[in-house]
Structures are given as structure tokens and as C-alpha cells.
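Visitor: turn this into a structure:
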Amino acid sequence: MSTSLQISNSNTQTNNSQPILHQNGREIQPFGTLRNLPIALASIARSEGCEQLNQILADSIILYSLYKKHHWLMRGNTFYQLHLLLDKHAGEQLALIDLLGERVQTLGGVEIADPRHVAEVTMIPRPPNGVEEVPVMLSRLLEAHELILREVREGITQTAANRDNGTSDLLTSNVLRTHESQVWFLAEHLVDTPLVHS
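Guide: Numbering: from 1, shown residues only. You can find the predicted model right below:
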């Protein structure tokens with residue numbers, strides 16, 4: 001017993017690569033607060049930007065999860081095409097999620113991230129836990145996109161008015177255009193056209 005204690009003590013003194021586990025500490029920046037970063041933008045503009053970005057971020061995280069759910073649950077004769085398309089869209093949403101979160105940090109805020117917090121904040125209705133018919137799943141995705149697009153357009157207007165050009169540009173160049181493109185690709189799968197002759 002003394003040998004194992006001795007080994008343990010010597011490891012503590014000489015093995016600096018040993019992880020220090022089970023740590024606890026205080027929260028160093030609460031959600032909803034700002035750090036004062038020198039980016040030449042008023043704190044009220046940064047605060048409003050963070051609030052708008054976090055709402056879009058929460059809904060984008062839910063949309064990403066919906067895309068993965070429907071990607072896995074896709075059925076029927078369009079399975080292959082939609083399985084691949086929904087996974088592609090999920091990947092694009094994941095990239096947007098990262099950009100949105102990093103922008104909140106750039107403004108000095110704290111991005112929403114924990115799934116339980118996201119579930120409290122999202123505006124997107126919860127789907128059933130089971131499998132829905134394909135057109136219903138696609139419609140559900142389109143409705144989520146439209147909700148986010150409304151938030152994004154409001155965010156573009158507000159951040160432009162606040163001279164928060166970085167956020168306005170992100171929302172316009174990345175978020176808005178990606179959502180509009182994804183809506184187009186999804187909506188075309190709900191057009192009832194004959195496949196062989198008219």
C-alpha cells in the first residue's frame with residue numbers, strides 16, 4: 001500500500017501530462033452578458049446582435065437536428081436522392097451554426113449551445129418522435145426554414161441600422177442565401193408533376 005501511494009505521489013510531482021479530472025469552478029461569463037471587446041461597436045448594438053444571433057442559432061440547431069432525423073427516416077422511391085440531399089443540407093446548416101456561434105463570441109457574447117437550453121428557446125415546433133410521411137417531413141423542414149428566414153431578414157435590418165456590418169453581412173451572405181437555396185431544393189420535391197408524359 002505504501003508503494004502505490006509513493007508511486008501516486010511521484011506521478012503527481014513528475015508527470016505533468018496527467019489530466020486533472022473532476023474539476024468544478026464558477027461561471028466566468030453568464031449567458032446574456034457581454035465582454036467589452038475593442039471592435040468599435042456600441043454595447044447596445046452588440047447586445048442586440050447577440051440576442052438576434054442566439055435566436056437564429058437556437059432555431060438553426062433544431063433545423064439541423066430535423067434534417068438529420070428526416071435523413072435517417074426517409075422512405076419510398078425517392079429515398080436515395082432525398083437521403084443524400086437532406087444530409088448535404090444538414091452539413092450546410094452545421095457550417096452556419098459554427099459561423100453564428102463564432103459571431104456571437106466576436107461581439108463579446110455567449111452563444112447558446114446546450115441542447116436543453118436550445119429546446120427552451122427555439123420557435124420551431126417539436127415534431128412527433130416517430131416517422132411521418134415524406135411530404136410532411138419536407139413541409140416541416142420548409143416551415144422551419146421560413147421561420148428562420150423571417151428572423152434573419154429582421155436581423156439584417158436591425159444590425160444594418162445598428163452599423164453592425166459584420167453581423168449584417170454574415171446574415172445576408174451566408175445564412176440568408178443558404179436558406180433560400182435549401183428552400184428551393186426542398187420545395188421542388190413537393191411539385192406534383194408527371195414523370196413520363198403529360
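
Visitor: just the buried positions in stretch 183-198, please.
Guide: Across stretch 183-198, burial judged by 16 or more other C-beta atoms under 10 Å covers Leu186. All C-beta atoms are positioned from the backbone trio N, CA, C, and that covers glycine.

Visitor: do stretch 34-44 as well
Guide: Per 16+ other C-beta under 10 Å, stretch 34-44 contains these buried residues: 34, 41.

Visitor: so Gln52 sits against Thr157, correct?
Guide: No: the criterion here is C-beta atoms under 8 Å, and Gln52 misses it with Thr157 at 10.1 Å.

Visitor: higher neighbour count, those two?
Guide: Between Gln52 and Thr157, counted using other C-beta atoms under 10 Å, the more crowded position is Gln52 (22 against 12).

Visitor: got the contact list for the more buried one?
Guide: 151, 154-155, 158-159, 167 (C-beta atoms under 8 Å, 6 or more residues apart in numbering).

Visitor: any idea where the helices of the protein begin and end?
Guide: 2-14, 43-73, 79-106, 115-121, 134-161, 165-169, 177-187 (DSSP state H).

Visitor: what angle separates the longest one from helix 134-161?
Guide: Angle, helix 43-73 to helix 134-161, by axes from the mean of the first three to the mean of the last three C-alpha atoms, to 10 degrees: 170 degrees.

Visitor: list the buried residues in helix 43-73.
Guide: Under the neighbour-count criterion of 16+ other C-beta under 10 Å, helix 43-73 has 45-50, 52-71 buried.

Visitor: run the chain-centre distance for stretch 140-149.
Guide: 14 Å (C-alpha atoms, centre = their mean, to the nearest Å).

Visitor: in that stretch, what counts as buried?
Guide: 140-142, 144-145, 147-149.

Visitor: before we move on, back to that, shared neighbours of Gln52 and Thr157, which are they?
Guide: Here Gln52 and Thr157 share no contacting residue, scored by C-beta under 8 Å, 6+ apart.

Visitor: how far away is Arg46 from Leu99?
Guide: Using C-beta to C-beta, to the nearest Å, Arg46 is found at 17 Å from Leu99.

Visitor: kindly report the same for Arg126.
Guide: Distance check for Arg126 against Leu99: by C-beta to C-beta, it reads 25 Å.

Visitor: quick one, which of those two is more surrounded?
Guide: Between Arg126 and Leu99, counting by other C-beta under 10 Å, Leu99 is the more crowded of the two (16 against 9).

Visitor: correct me if wrong: the more buried one contacts Asp169.
Guide: No: with contact defined as C-beta under 8 Å, Leu99 does not reach Asp169; the gap is 10.9 Å.

Visitor: lowest-pLDDT helix or strand in this protein?
Guide: Least confident helix or strand, the chain: helix 2-14 with a mean of 53, by mean pLDDT, DSSP states H and E.

Visitor: listing request: residues of the protein with sub-threshold pLDDT.
Guide: The model of the chain has pLDDT under 70 over residues 1-14.

Visitor: Thr172 touches Gly155, doesn't it?
Guide: No: with contact defined as C-beta under 8 Å, Thr172 does not reach Gly155; the gap is 9.5 Å.
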